[in-house]
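*Asks:* The sequence and its predicted three-dimensional model are supplied below.
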Amino acid sequence: MMPLAARDVTLRFGGVIALDGVTVEVRPDELLAIIGPNGAGKTSLLNVLSGFYRPQLGRVELDGESIRSLRVDEVARRGVARTFQGTHLFAGQTVVENILVGREVHMHTNILQAFCYFPWVAREEDEHRRSVEEIIDFLEIESIRNERVGTLGYGLRKRVDLGRALAQEPRVLLMDEPMAGMNSEEKEDLARFILDVREARKTPVVLVEHDMGVVMDLADRIVVLDFGRVIADGTPAEMQRNPDVIRAYLGEAQ
Amino acid sequence: MTIEQAQTLAQVLAARARATPDEVCERHKSLGIWREFTWAEVQDNVRALALGLQALGLQRGGVLMAIGENEPEHFWTEYAAHALGAAVVSLYPDQNIDEIAYLAQDSGATVIVAQDQEQVDKALVVAPQASAVKAIVYWDDAGLWSYRDPLLHAFEDVQRSGREVHAQDSGRYESELAAGRAEDVAALSYTSGTTGRPKGVILTQRYLFDNAARITGAIAFKPGCEYLSYIAPAWATEQFFGITLGLLLPMVVNFPERPEQVLANLRELAVEAMVFSPRQWESLASVVQARMLDAGPLRRAIYDWGVAIGHEVNVGRLEGRQPSLAARLMYPLADALVLEPLRDKLGLVRAKVALCGGSAMAPDVFRLFHAMGVHLRNVYGATEIGLLTVHQGEKYDLESVGHWLKCEPRHGPPLQWRVSDAGELLVRGGSGFMGYHGKPDQTAEARDGEWYRSGDAVSQTGGGELVFLERVKDMRRLRSGHGFPPQFIETRLRFSPFIKDLMTLGDERRDYVAALINIDMEVVGRWAEERNIGFSTFTDLSQRPEVRELIRSEIARINAFLPEHARVLRFANFPKELDPDEGELTRSRKLRREFLEERYAPLIGALYAREDEVTITVPVTYQDGRKGTLTSRVAITEVNAVVAEQVPPQRTLAAQGAQ
């Protein structure tokens, strides 16, 4: 059984067909890249996988179960985490606080209990704080632990964004263009962390990315979308030889 | 066995763990929290590791290589090797594969204990080149999850196998420990090797005990004090402090979270004892200076005022001057408003023992810390023979490296020293120089009978403190055959705010040392204005008798640290500013000596012809690119004769600002 899969998904916005009968399976322990030209439907697919968009046709399965009846936050609670294009963080909060937000899905105390600060609440807080520190250690951001996110550079903010997603302890991690806007050093750092996520945590990663160099280096498997359809699916080496892929990217051969 | 009877550090550790098992011994910040290790815990970790390493083939007389940052595991590794009677080669974390491969081959290490993926990657490349390496142990598994190599072992796994050995044979560790002797080689400390390949200096257990005792005999180190371990154990200095004194005194040894975090960690801990290299002290000072550059004018003024008071009282007392009554009265206020907050920001509020080891540091940085109320001291020595001098007591000369240390009789004969005819410091005594590992020829070269040849040129102040001048090989010779230290003179004089650049003269053709000085127009100009000394151009200012007197007194101050034959006897001020556009300086503002010697040949000739004045003509390039010549009379000044009366400034406060 696949951790996450979209089966025959069709998504329309009025007359625009964003996804047209797309089937994508995320296999355990793999780094899957979704590529395609602008407007091919990559981000739409990611939004469908995270339950943010409801497709008109087809189904999305999390561990074999349809997520149609679940709210977005329930999908997140069941282990689908994502990072965003750009960063969606609380600029006025510190790095630790932002990552703690990711722990929300695992918190059991309600506001009243938290206010009274019962011993078991304190214990739970310690646990969450500890797992945040493990992520900070993992991402090597000790030095900015208590900095406000708004004051950080873009590369570091992306790392915090990843940290927040990891704090959810996801079963599947979806990343939307993590490398956009980064310099090559920041890209290398983040690529290292993405590989480590898969290696250390055995979490499958779905990566939507424009940077071909990054995709070819990192991905185990690539799915190519064009005009809302899957036009190719295979290893990076296969993609480089695939005439459909070359056509979609470079236009018709002369 | 008691602590007094202990001959090895591992024996000391075992004795401490018996005597005070529950007291804190080490502290390490990990996952955001300072985690404490008691003596019993450290002993347990070291024992498990030692027995595990033994199972990997580490034996008495063997060598273990450790590479990584200062973390508890690094120290435990060293103690574990000592327990087995093996020696440790500690490496700097940034050493590259070639260097590591050489050190592994030269030392014959059989086990490499590496911190993390970065170090393991290097060790895995090195291992096939150094055939003796039988195992690589790592203590941080980040990024190593999918590594599969028969050489690799996780630290915990090694300890687990050690614990199993201990469970079956509880006497094994004790008997290994009991076999330890003061003559055991504790470490091979590789000297940086600016010439040729690094050489591994043999450090015995006795040597470590000896050096620790030399330090505690000279400075008041309080048992139980908090120490920050920051300098690398690869440097012999940390072997004396963190590794040895940590157990012997004992101290609570604190390990920072990461090297980049050390300033933040320092502030959290406010440790009582610390040893930094000059570079590290300078970066601490630059934190203050950078912050003050960003501060508003009011805060800056308060800061300047507070530091000036601190300077007058603290540095004045240190240098034997009586601070003015006004300054003494203002001091508590300055301390409360400026100095104490400064110490707090830097994490120095409780710093009792602050030491600077290694090469010479700018005395200005020293003075800044003293002005803040931190008693920063220089410590001087050589890996081969150990620590030799340290600033002692309440009054000492910042230009010196301090008074001689004393050696405890149980560790060896008293330290003795003399200066050879070539001006080189020779030392004997203490636990002595045990030689370079596997290099009898170089060992013999470094010895002169029973004396160790330090290779350092030194002199002594009137107060009996040692002054480090220069490496003997960098000394320049005069016609008489006497050497003088050009870099010492030039760097010290460049610390003067009035001197922008200078060139020392003197070689086999000359009888004495002379100097050409490029004054700092801005500072000297301000200095002159405060004293109502009129001047028109750079040429005019540089040749004013008052200015020549000012420069003369600066040179005379440095001369006091030099042996008589090495002193600067005559100097002249350049009549124009040295300019890279004219090829006098490189673009990075270094002197082009040969070019200058040629261009100013008449001036140099006059300096050695004992003339009082000379007229020289030099080509100049104006700002708009036109070329011209400058003809000027240049005065030549004798350093030993007063030129003019010292002029007091008209406004006292502003003058303090200028200094």
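*Replies:* Thanks, I have the structure now. Numbers count the residues shown, from 1 in each chain, chains lettered A, B, ... in the order given.
*Asks:* Residue of the stretch 401-550 of chain B nearest chain A, please.
*Replies:* Nearest residue of the stretch 401-550 of chain B to chain A (C-beta to the nearest C-beta) works out as B:Phe495 at 32.9 Å. C-beta here means a position set from N, CA and C on the backbone, and glycine is covered the same way.
*Asks:* What are the neighbouring residues in contact with that residue?
*Replies:* Each residue near B:Phe495 by C-beta atoms under 8 Å, 6 or more residues apart in numbering or on different chains is listed here: B:Ala362, B:Pro363, B:Asp364.
*Asks:* The stretch 151-254 of chain A: strands as residue ranges?
*Replies:* A:172-176, A:205-208, A:221-226, A:229-234 (DSSP state E, counting those that start in this stretch).
*Asks:* Now chain B against chain A: closest residue?
*Replies:* B:Leu31 (3.8 Å).
*Asks:* Return the distance of the residue nearest to that residue when sequence neighbours are not counted relative to B:Pro363.
*Replies:* Excluding the flanking residues, the one nearest B:Leu31 by C-beta to C-beta, 6 or more residues apart in numbering or on different chains is A:Glu133, at 3.8 Å. Distance of A:Glu133 to B:Pro363, given as C-beta to C-beta, to the nearest Å: 43 Å.
*Asks:* Repeat that for B:Ala635.
*Replies:* 29 Å.
*Asks:* Now for A:Arg192, how many residues are close by?
*Replies:* The tally of other residues near A:Arg192 (other C-beta atoms under 10 Å in any protein chain shown) stands at 14.
*Asks:* In stretch A:205-212, which residues are buried?
*Replies:* By 16 or more other C-beta atoms under 10 Å in any protein chain shown, the buried positions in stretch A:205-212 come out as A:Val205, A:Val206, A:Leu207, A:Val208, A:Glu209, A:Asp211.
*Asks:* coming back round to it: now the particular helix or strand that has the residue nearest to B:Leu31 in it: how far from the chain's centre is it?
*Replies:* A:Glu133 belongs to helix A:119-139 when assigned by DSSP states H and E. Relative to the chain's own centre, helix A:119-139 is displaced by 22 Å; criterion: C-alpha atoms, centre = their mean, to the nearest Å.
*Asks:* and it, what does it pack onto?
*Replies:* Applying 3 or more C-beta pairs under 8 Å, 6 or more residues apart in numbering or on different chains; DSSP states H and E, one finds that helix A:119-139 contacts helix A:95-102, helix A:154-167, helix A:184-201.
*Asks:* how about residue 10, what does it touch?
*Replies:* As the question left the chain open, I've gone with chain A. A:Thr10 neighbours (C-beta under 8 Å, 6+ apart): A:Ile17, A:Leu19, A:Asp20, A:Gly21, A:Val22, A:Pro55, A:Gln56, A:Leu57, A:Gly58.
*Asks:* That was the other one, I meant chain B.
*Replies:* Each residue near B:Ala10 by C-beta under 8 Å, 6+ apart is listed here: B:Val46, B:Ala50, B:Tyr79, B:Ala80, B:His82, B:Ala83, B:Leu177, B:Gly180.
*Asks:* Any chance of TSV for those residues, columns neighbour count?
*Replies:* Output for the contacts of B:Ala10, formatted as TSV (neighbours: other C-beta atoms under 10 Å in any protein chain shown):
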residue	neighbour count
B:Val46	27
B:Ala50	30
B:Tyr79	26
B:Ala80	31
B:His82	29
B:Ala83	28
B:Leu177	22
B:Gly180	23
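*Asks:* Could you find the residue in chain A that comes nearest to chain B?
*Replies:* Taking C-beta to the nearest C-beta, chain A has A:Glu133 as its residue nearest chain B, at 3.8 Å.
*Asks:* Okay, buried residues for stretch B:399-408 please.
*Replies:* Within stretch B:399-408, the residues that count as buried by 16+ other C-beta under 10 Å are B:Glu399, B:Ser400, B:Val401, B:Gly402, B:His403, B:Trp404, B:Leu405, B:Cys407.
*Asks:* Output stretch B:91-108 as PDB, restricted to C-alpha atoms.
*Replies:* Backbone C-alpha positions of stretch B:91-108 (Å, rounded to 0.1, in the frame of the first residue of the first chain) are rendered in PDB as follows:
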ATOM      1  CA  LEU B  91      43.700  17.000  15.500                       C
ATOM      2  CA  TYR B  92      42.100  20.300  14.700                       C
ATOM      3  CA  PRO B  93      38.600  19.800  13.200                       C
ATOM      4  CA  ASP B  94      39.500  21.700  10.000                       C
ATOM      5  CA  GLN B  95      42.600  19.700   9.100                       C
ATOM      6  CA  ASN B  96      42.500  18.300   5.600                       C
ATOM      7  CA  ILE B  97      42.900  14.800   4.300                       C
ATOM      8  CA  ASP B  98      46.600  15.200   3.400                       C
ATOM      9  CA  GLU B  99      47.500  16.400   6.900                       C
ATOM     10  CA  ILE B 100      45.500  13.700   8.600                       C
ATOM     11  CA  ALA B 101      47.000  11.000   6.400                       C
ATOM     12  CA  TYR B 102      50.500  12.300   7.300                       C
ATOM     13  CA  LEU B 103      49.700  12.400  11.000                       C
ATOM     14  CA  ALA B 104      48.100   8.900  10.900                       C
ATOM     15  CA  GLN B 105      51.200   7.500   9.200                       C
ATOM     16  CA  ASP B 106      53.700   9.300  11.300                       C
ATOM     17  CA  SER B 107      52.000   8.500  14.600                       C
ATOM     18  CA  GLY B 108      51.100   4.900  13.700                       C
END
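*Asks:* buried stuff in that stretch?
*Replies:* Burial within stretch B:91-108, assessed by neighbour count using 16+ other C-beta under 10 Å, is assigned to B:91-93, B:95, B:99-104, B:106-108.
*Asks:* would you turn the residues you listed into JSON lines with distance to chain A, secondary structure and pLDDT?
*Replies:* Formatted as JSON lines, the buried residues of stretch B:91-108 follow (distance: C-beta to the nearest C-beta, whole Å; DSSP: H, G, I helix; E, B strand; the rest coil; pLDDT from 0 to 100):
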{"residue": "B:Leu91", "distance to chain A": "22", "secondary structure": "strand", "pLDDT": "95"}
{"residue": "B:Tyr92", "distance to chain A": "20", "secondary structure": "coil", "pLDDT": "93"}
{"residue": "B:Pro93", "distance to chain A": "15", "secondary structure": "coil", "pLDDT": "93"}
{"residue": "B:Gln95", "distance to chain A": "21", "secondary structure": "coil", "pLDDT": "91"}
{"residue": "B:Glu99", "distance to chain A": "25", "secondary structure": "helix", "pLDDT": "91"}
{"residue": "B:Ile100", "distance to chain A": "23", "secondary structure": "helix", "pLDDT": "94"}
{"residue": "B:Ala101", "distance to chain A": "25", "secondary structure": "helix", "pLDDT": "95"}
{"residue": "B:Tyr102", "distance to chain A": "29", "secondary structure": "helix", "pLDDT": "94"}
{"residue": "B:Leu103", "distance to chain A": "27", "secondary structure": "helix", "pLDDT": "94"}
{"residue": "B:Ala104", "distance to chain A": "27", "secondary structure": "helix", "pLDDT": "95"}
{"residue": "B:Asp106", "distance to chain A": "33", "secondary structure": "helix", "pLDDT": "94"}
{"residue": "B:Ser107", "distance to chain A": "31", "secondary structure": "helix", "pLDDT": "95"}
{"residue": "B:Gly108", "distance to chain A": "35", "secondary structure": "coil", "pLDDT": "94"}
